[in-house]
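Participant: just the structure for this:
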Amino acid sequence: MLFCCDHNAIRSPMAEGIMKKLYGHRAYVQSAGVKNDLEIDGFAVAVCQEIGVELSRHRSRSFDDMQDWGDDLSGFDLIVALSPASQRQALELTRYAAIEVEYWPILDPAGLGEHREDKLAAYRQTRDQIVARMMDRFGPPDVTEAGA
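Facilitator: So this is what the prediction gives:
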């Protein structure tokens, strides 16, 4: 499974980390962005750490990086796009492949809120939207993984 968004700095790394935490080894999970021009966002790291998901070592990568590194999109059964731009890119890259592409309209918290607590609230909302979509799509998490 591949999660993608615009920069692989907030939503898709959050989704990758949360998926691994909640569902463990049910699936191979990675993330990518249309671009990789940003580092992992500190607020994303902070709100994921609150639920036991470690993102501080995440390194952003793009679809182009994946191809350069030999990661073939055909190795994924499902691509979940978290932004309109990443959905367009995923559909373009998979037009001749039998890979399912889903779009989850997840809030982009970048730039929201004036003060630290307001920003954290927006990032928590994004995190919680991702968790809710996962549970709707994949069912209850693995107790052994989520509790670890």
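
Participant: drop to CA atoms for contacts and neighbour counts, all remaining ones
Facilitator: Fine.

Participant: what does the pLDDT read for G70?
Facilitator: According to the prediction, G70 has pLDDT 66.

Participant: which outside residues touch the longest helix seen in the chain?
Facilitator: Ranked by residue count under DSSP state H, the longest helix found in the chain is helix 116-138. Counting by CA atoms under 8 Å, 6 or more residues apart in numbering, the neighbours of helix 116-138 from elsewhere in the structure are 11, 14-15, 18-19, 43-44, 47-48, 104, 106-109, 111-113, 141.

Participant: go ahead and build a PyMOL selection from the buried members of those residues.
Facilitator: A single PyMOL command is used to select the members of those judged buried by 16 or more other CA atoms under 10 Å:
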select buried, resi 11+14+15+18+19+43+44+47+48+104+106+107+108+109+141
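
Participant: quick one: which of the contacts of helix 116-138 sit in helices?
Facilitator: Filtering these for membership in helices, criterion DSSP H, returns R11, M14, A15, I18, M19, F43, A44, V47, C48.

Participant: all set, thanks.
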